[in-house]
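Q: everything below, folded, please.
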Amino acid sequence: MPLDRSALLGMSQSDIDALFAASEPGPIPNGEANGTAIIAPGTPFTGEIAEMINVFAWQGKTFDAQRGVLTNRITPLGFNAIVATVYLGPSLADGRPCVVLDYSKTSIVAQWIRDEIRLVAPNFYLGVVYWNNHHLMNFCLEFVA
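A: Down below sits the predicted model:
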């Protein structure tokens, strides 16, 4: 089975953690990515929760690799808001390299959030969301080739 959004939504948290640990950071991405929140992995509700979040809250991220920043696409209208700086750095999960999405100096509403992503398939990243350095949830980003 190819590694895609559907495959991740069917995985358990331990499988998602193992995939993240086994993956490399890949390049800092550039352009628009469609995002999927992964909450309650391994349960029958994961896909439904992801769809509700996509419709009402978060649709993905838009990266500017040259400037080292991103914005999140939020609300049903897809506004670009909530800026983060983007850089390569060590992961909180295992100390190995990852792409860090750091909101600490760019966002009042998300200053406690740090995302980390690693490339798990071509144009497809798996992410971890940390709140005050504690694992909160996962997500994936799919870039249109």
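Q: report the central residue of the chain.
A: For the chain, the residue nearest the mean C-alpha position is Gly127 (3.5 Å; Cα atoms, centre = their mean).
Q: what's the following helix or strand after the helix or strand of the chain with the lowest mean pLDDT?
A: Lowest by mean pLDDT, DSSP states H and E among the helices and strands of the chain is helix 46-56, with a mean of 93. Where DSSP states H and E defines the elements, the next helix or strand beyond helix 46-56 is strand 58-64.
Q: ok so, going back, mind giving me the packing neighbours of the least confident helix or strand of the chain?
A: helix 5-9, strand 31-38 (3 or more Cβ pairs under 8 Å, 6 or more residues apart in numbering; DSSP states H and E). Where C-beta positions appear, they are placed from N, C-alpha and C, glycine not excepted.
Q: now do the shortest one: everything it contacts.
A: Outside of helix 5-9, the residues that reach it under the criterion Cβ atoms under 8 Å, 6 or more residues apart in numbering are 1, 16, 36, 38, 41, 46-47, 50, 126, 138, 140, 142.
Q: show me which residues of that helix are buried.
A: Neighbour-count burial for helix 5-9 flags 5, 7-9 (criterion: 16 or more other Cβ atoms under 10 Å).
Q: how about stretch 12-22?
A: Taking 16+ other Cβ under 10 Å as the criterion, stretch 12-22 shows 16-17, 19-20 as buried.
Q: low-confidence stretches in the protein?
A: Scanning the chain with the threshold set as pLDDT under 70 gives 1.
Q: can you name the element that comes right after the longest strand along it?
A: Across the chain, the strand with the greatest residue count (assigned by DSSP state E) is strand 79-90. Per DSSP H and E, the first helix or strand lying C-terminal to strand 79-90 is strand 97-102.
Q: circling back: tabulate the helices and strands packed on helix 46-56 (JSON lines), appending distance to Asn132.
A: Below are the helices and strands packed on helix 46-56 laid out as JSON lines (distance: least, Cβ to Cβ, whole Å):
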{"stretch": "helix 5-9", "distance to Asn132": "25"}
{"stretch": "strand 31-38", "distance to Asn132": "19"}
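Q: indicate which one of those is closest to Gln59.
A: Of all these, strand 31-38 sits nearest to Gln59, with 6.2 Å by Cβ to Cβ.
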